[in-house]
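Enquirer: curious how this folds, go ahead:
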Amino acid sequence: VVIYISDFENILGSSSFKIDLSGVLIPYLKSKSIRIIGAVTNGAYKKFVERLTNIADVFETIKLEEPERNVILQMLLDKASFIEKEIKVELSYRAILSALNLANKYLIDKTLPGAGVVLLEDAANEVRLSGRSEVLESDVIKRAEEKTKITLSAPTEEEKKLLINLEGKMHETLIDQEEAVKSIAEGIRRIRSGLKISAKPISFLFLGPTGVGKTQTAKALSVLYFNGEKKMIRIGSENEGIAGKIHEAPSSLILLDEFEKADPSIHNLFLQILDDGRLTDNNGKTVSFANAIIIATSNAGSEFIREEIRKGAIVDKNFKDKFLGYLLSGDIFKPELLNRFDDIVVFKPLGMTEVIQITTLLLKEFSKELLEKEITLNFDEKIIAKVAKEGFDEQFGARPLKRFVQDNIEDLIAQKMLKDEIKRGDKVNISVDPSNNLQLIVSG
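Expert: Numbers count the residues shown, from 1 in each chain. This is a model prediction of the structure:
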């Protein structure tokens, strides 16, 4: 007689069952009165069994590796026949093959064929409950999506249109920075087209002075494609449980601002993520970053960029190579870390043309808010030019411009609304008084 014990750790007093039969079994095992095969996962073996020398001495440890792909497929086909009889459904070959592929690619903390079997069983049960008789590939994909929280089905027609025109949509709220927008859009399209084979996340390093749109580019993508800025995972200068956050939302945009100021442990963490594409969370679960997009930003070397552009330099490949050489010579970033990013984008300082475009965008966005309250805001090109000139600061980029609009236009209108000097149906014209200061003229 051979006794087979599944979840072998449960009888050793080391698990939640608190039952220790090892003392009873060992004499019989040593005298060979009984024969036992105990099955245990690698994790449970290391945690509960390996340290018990009295058990290790009487058992021969055999480690079973995951079978090869063709063997796993045959095992799934055999198991599928059993599922069909038990649940009374038919499993299409494409559904079985899909279970193998999806489990192998996305259920990385599980092993095959077990993970594939679970997908088939779950899909079969759901199909049976729905009153259908055939399990299709789409049924297995649906179950995999529920388990992984990753969108795996083909893009809808609406999403296809968004993906095709992603650059244009992003430029509705972004000015210039064509290279960054193009790189991000191409990365998103690779993911949703199913052409991204690597287990590593798509990653970008945005370099450039303060206030040129590095963080704004990430925000625009998050709002447009990830359903809101709040969905973006922002990492500070210290490790804040990034593995757990990605475990909860695998298809996420991760933003790390001022990357150069991050603790060295964060640099090492990102080196591992960009190199291997996975981390282990606090619960011992392996978390995949394959479906995440990582954007790191840095102001390092801003003065170098400004000085070179003052000399007439153009931000092209040669400029980027020269700038990266400058950063590496200053030991700001490790070469092995920079080499892991899919693309490094250098953001050039804003010129007055871009500043005027940003000013126009800011005023139009505020106008839309007022229109919701049935208040019309009017301004001309002279006002835009004045706001752009007085609000822009070369050192801090577009950030002071936003504050200028807020202090000199938005706050004034808010005060007048509270005093009932501006009401629904009114028109507000921004003009300049004799002292060349901005003023508001209200008409009914």
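Enquirer: now for the protein, the helix or strand with the poorest mean pLDDT.
Expert: When the helices and strands of the chain are scored by mean pLDDT, DSSP states H and E, helix 53-58 comes last with a mean of 77.
Enquirer: mind listing what's buried along it?
Expert: Across helix 53-58, burial judged by 16 or more other C-beta atoms under 10 Å covers I55. No exception for glycine: its C-beta is placed from N, CA and C like everyone else's.
Enquirer: so where's this protein uncertain?
Expert: For the chain, applying pLDDT under 70 flags the ranges 13-19, 196-197, 236-240, 282-284.
Enquirer: on the three-state scheme, I3 is what?
Expert: Here I3 is recorded as strand under DSSP: H, G, I helix; E, B strand; the rest coil.
Enquirer: elements contacting the host helix or strand of N268?
Expert: Assigned by DSSP states H and E, N268 belongs to helix 264-276. Secondary-structure packing of helix 264-276 (3 or more C-beta pairs under 8 Å, 6 or more residues apart in numbering; DSSP states H and E): strand 278-280, strand 293-298, helix 335-338.
Enquirer: tell me which residues in it are buried?
Expert: Buried-residue list, helix 264-276, by 16+ other C-beta under 10 Å: 266-267, 269-270, 273-274.
Enquirer: rebuild those residues as a markdown table, extending it with distance to L97.
Expert: Below are the buried residues of helix 264-276 laid out as a markdown table (distance: C-beta to C-beta, whole Å):
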| residue | distance to L97 |
| --- | --- |
| I266 | 40 |
| H267 | 41 |
| L269 | 36 |
| F270 | 35 |
| I273 | 30 |
| L274 | 31 |
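Enquirer: let me know the closest of these to I202.
Expert: Nearest to I202 out of the buried residues of helix 264-276 is L274 (C-beta to C-beta; 10.0 Å).
Enquirer: and the nearest residue to S222 once chain neighbours are set aside, what does it touch?
Expert: Nearest residue to S222 in three dimensions, chain neighbours excluded: M232, at 4.1 Å (C-beta to C-beta, 6 or more residues apart in numbering). Contacts for M232 were tallied using C-beta atoms under 8 Å, 6 or more residues apart in numbering; they are 218-219, 222, 226, 252-255.
Enquirer: ditto for T376
Expert: Applying C-beta under 8 Å, 6+ apart, we find T376 in contact with 367, 370, 426-428.
Enquirer: number of nearby residues for L363?
Expert: Using other C-beta atoms under 10 Å, the number of residues around L363 comes to 18.
Enquirer: tell me who's in contact with it.
Expert: 377, 379, 383-384, 387, 405, 409.
Enquirer: which stretch of helix or strand covers it?
Expert: helix 352-371.
Enquirer: the following helix or strand past that helix pairs with which strands, parallel or anti?
Expert: Downstream of helix 352-371, the next assigned helix or strand under DSSP H and E is strand 376-378. Strand pairing for strand 376-378, determined by DSSP bridges: strand 427-432 (parallel).
Enquirer: what's in contact with the partner strand?
Expert: Contacts with strand 427-432, where a contact means C-beta under 8 Å, 6+ apart, come from 370, 375-379, 382-383, 386, 409, 413, 422, 438-444.
Enquirer: any of the residues you listed buried? List them.
Expert: Neighbour-count burial (16+ other C-beta under 10 Å) applied to these gives 370, 375, 377, 379, 383, 386, 409, 413, 422, 438, 440.
Enquirer: TSV for these, including distance to T286?
Expert: TSV is the format used below for the buried ones among the contacts of strand 427-432 (distance: C-beta to C-beta, whole Å):
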residue	distance to T286
L370	50
I375	54
L377	53
F379	55
I383	56
K386	57
I409	52
I413	53
I422	57
L438	57
L440	59
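Enquirer: okay, the angle between the helix holding L363 and strand 427-432?
Expert: Orientation check (axes from the mean of the first three to the mean of the last three C-alpha atoms, to 10 degrees): helix 352-371 against strand 427-432 gives 150 degrees.
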